[in-house]
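> Please work out how this folds:
(chains A and B)
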Amino acid sequence: MMLIHCPYCDEKRPEIEFAYAGEAHIARPDAAEQQEMSDAQWSEFLFIRDNKRGEHCERWWHANGCNMFFNAVRNTVTDKFVKTYKMGQKRPSASQISKWNEGGNV
Amino acid sequence: MSFDIKIDQGVEIPEVLQSGRVVAELAGEKVRLSLRVKSADRTAVAKALGFTLPAKIGATSSKVGITCACLGPDEWIVIADQDKGGKLYGKALKLASKYDMSVTDVSFRNIGITVTGEGAADMINVGCPLDLRLAAFPVGSCTRSVYEAVPILLYRRAEDSFTVECWRSFAPYVVGLMAAHRSGAAST
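Numbering: from 1, shown residues only, chains lettered A, B, ... in the order given. Next comes the predicted model:
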């Protein structure tokens, strides 16, 4: 069990309250764009992910808490949560992530 | 809509939880309203309802017979005694047509179990991994969390007094677990 910082509750809460919700910052094409997309493009949007080794931007859901989705930078090797941030904030740059990394675990 | 319905809660507090240092009791039927209010309308809606909608997640406000807890950035739950609830629901429904908000009657979703006595926090901590020290979870705090694997609403009424709310159909499991922990059956 880990403690995860929820950016909405602004508290570290037990991992069991959260659910993982896949890679972050994948924009859903709007209805008009979907009409234009080929099956291959659509399946890429649905299923193809970076599956990154290392710092990964991903969505988490505080299901048994404030019920909000938020984003997190988590190291997929060490399981370290580098930073969690609210929905709508831009994907952090590599230099930003390394700066956060020096600050220790969140 | 009538809030006078008395339905069998279908839950009995096991004997082992009825006496001793920490005692569990059923909280009785309450009116529960789920409010979603856009932040711009929060203070206006609160003023019209007659109690505060706290802005901070986990905070509560209360007046006689009514407790209101902020569960998410735009989500509140109001738990009221039955004699207050019907009127409150009507009032909130009227407000919902005027403001950017929704109100849903969720009275029969949950039942409340009060856990009171010295060491109540320890007893809840057996199944709930929240930090329940007073500094981290002061009197008046309310949040969703889990008890064992069951989603709960936890409200600290006083230092040694909590209300645990869970979905009605899961209440026998929750009180059963509490009893098992108390009697030591879960660890044998």
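> helices or strands up against the helix or strand harbouring B:Asp83?
Counting by DSSP states H and E, the element that carries B:Asp83 is helix B:82-96. Identification of packing neighbours for helix B:82-96 by 3 or more CB pairs under 8 Å, 6 or more residues apart in numbering or on different chains; DSSP states H and E yields strand B:31-37, helix B:42-49, strand B:75-80, strand B:101-105. Bear in mind the C-beta positions are built from the backbone N, C-alpha and C, glycine included.
> The second one close to chain A?
No: Helix B:42-49 lies out of reach of chain A by CB under 8 Å from any CB of the partner chain, never closer than 15.6 Å.
> what pLDDT, on average, does the next helix or strand after that helix get?
As assigned by DSSP H and E, the chain's next helix or strand after helix B:42-49 is strand B:60-63. Averaged across strand B:60-63, pLDDT comes to 96.
> Check chain B for its longest strand and report it.
strand B:150-158 (DSSP state E).
> pLDDT wise, what is the spatially closest residue to A:Met1 that is not a sequence neighbour at?
Distances taken as CB to CB, 6 or more residues apart in numbering or on different chains put A:Glu15 closest to A:Met1, at 5.2 Å, once the chain neighbours are dropped. At A:Glu15, the predicted lDDT confidence score is 96.
> I'd say A:Glu15 and A:Cys6 touch.
No: A:Glu15 is beyond contact range of A:Cys6, at 11.1 Å (criterion: CB atoms under 8 Å).
> how many neighbours does B:Asp74 have?
When neighbours are defined as other CB atoms under 10 Å in any protein chain shown, B:Asp74 has 19 of them.
> what residues are up against it?
B:36-39 (CB atoms under 8 Å, 6 or more residues apart in numbering or on different chains).
> Near chain A, which residues of chain B are found?
B:57-58, B:71-73, B:75, B:129-130, B:143-146, B:151.
> and the residues you listed, which are buried?
Buried by 16 or more other CB atoms under 10 Å in any protein chain shown: B:57-58, B:71-72, B:75, B:129-130, B:143-146, B:151, out of those.
> Select, from these, the two members most distant in space.
Maximum pairwise distance among those (CB to CB): 22.3 Å, between B:Glu75 and B:Pro129.
> Can you give the domain ranges for chain B?
For chain B, the structural domains run B:11-29+B:109-188, B:30-106, going by automatic domain parsing.
> quick one: the strands in chain A?
A:3-6, A:11-14, A:19-23, A:55-61, A:69-75, A:81-86.
> For chain B, which of these is the nearest?
Among these, strand A:11-14 comes nearest to chain B, with 3.9 Å by CB to the nearest CB.
> in its sheet, what does that closest one sit against?
Applying DSSP bridges to the sheet, strand A:11-14 is found paired with strand A:3-6 (antiparallel).
> Might one say that B:Val31 is in contact with B:Ile79?
Yes: counting by CB under 8 Å, B:Val31 touches B:Ile79, with 7.4 Å between them.
> residue ranges with poor pLDDT in chain B?
B:1-9, B:186-188 (pLDDT under 70).
> picking that back up, what's the most distant pair in the residues of chain B next to chain A?
B:Pro73 and B:Pro129, at 23.1 Å, using CB to CB across the residues of chain B next to chain A.
> circling back to that earlier point, which one of the helices and strands packed on helix B:82-96 lies closest to B:Thr163?
So among those, strand B:75-80 is nearest, using CB to CB, at 8.3 Å.
> Sheet partners, orientation included, of that closest one?
strand B:31-37 (antiparallel), strand B:66-72 (antiparallel).
> want to throw the ones you listed into a markdown table with distance to A:Glu11?
A markdown table is the format used below for these (distance: least, CB to CB, whole Å):
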| stretch | distance to A:Glu11 |
| --- | --- |
| strand B:31-37 | 22 |
| strand B:66-72 | 13 |
